[in-house]
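>>> Sequence plus predicted model, see below.
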Amino acid sequence: MSAIASDRAGSARGRLRPMREDDLDEVMSIEHRAYPFPWTHGIFRDCLRADYPAWILQEGGRILGYGVLSVAADEAHVLNLCIDPDEHGQGLGRRLLRALLKFAHGHGARRVFLEVRPSNPHAITLYEDEGFNEIGRRPRYYPAQVGREDAIVMARELLDP
């Protein structure tokens, strides 16, 4: 936890802390406002019970965003990264992503993977800006309004400083 908990960049908004089960109602509220096909309460609960690293970016008792990661051997996978839609455009997603990457590196990961919808250009730009590259596609990975949408699979190497 200390690798991420100490992430306090100057005037950056909010503080990072581990997600708890009692956060899930507020997390679900954000998830439903952010995505047409949100994760379920059960998925978040199962991630917490499996001890997946899950983090909250909080300010004044209000959750601004959250991220869920899995780390195994020398790889990590960003499973969910979400900022409250009312808080978009303030650099919070970048801050949270960097904190997740720092945590993954601190726990031995040398490469991080994620999937993103091609219809989410803001997320794609963020990931590319943070050193992720497209390494493939997963056909029909995401549910969509009509049929299914592919996923862009991205990866980034985590190098020692």
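On my side now, so go ahead.

>>> Which element is encountered next along the chain beyond the biggest helix by length in the chain?
The longest helix of the chain (DSSP state H) is helix 92-106. Counting by DSSP states H and E, the element after helix 92-106 in chain order, helix or strand, is strand 111-116.

>>> what mean pLDDT does that following strand have?
Averaging pLDDT along strand 111-116 gives 98.

>>> Three-state assignment for the residue of the chain positioned farthest from its centre, please.
Note on the chain: the largest C-alpha distance from the chain mean falls to residue 146, namely 25.5 Å (Cα atoms, centre = their mean). Assigned state for residue 146: coil (three-state reduction, DSSP: H, G, I helix; E, B strand; the rest coil).

>>> That one and residue 121: what is the separation?
Applying Cβ to Cβ, to the nearest Å, one obtains 20 Å for the distance of residue 146 from residue 121. The way it works is simple: take the backbone N, C-alpha and C, and place the C-beta from them, glycine included.

>>> do the same with residue 38
Using Cβ to Cβ, which is the criterion applied here, residue 38 is 20 Å from residue 121.

>>> what does residue 91 give?
Where residue 121 is concerned, residue 91 sits at a distance of 17 Å (Cβ to Cβ).

>>> all helices for the chain, in order.
Counting by DSSP H, residue ranges of the helices within the chain are 2-5, 24-34, 41-49, 92-106, 121-129.

>>> closest to residue 84 out of the ones you listed?
For residue 84, the closest of the helices of the chain is helix 24-34, at 4.9 Å, according to Cβ to Cβ.

>>> Pull out the buried residues from the closest one.
Counting neighbours by 16 or more other Cβ atoms under 10 Å, one finds that the buried residues in helix 24-34 are 24, 26-27, 30-31.

>>> Farthest pair within the residues you listed?
Between all members of the buried residues of helix 24-34, the longest pairwise span (Cβ to Cβ) is found for 24 and 30 and amounts to 10.6 Å.

>>> if we can go back for a sec, quick check on the residue farthest from the centre of the chain: phi, psi?
In this entry, residue 146 is assigned phi and psi values of phi -130, psi 110 (degrees, to the nearest 10).

>>> what about residue 126, neighbour count?
Residues lying near residue 126 (other Cβ atoms under 10 Å) number 17.
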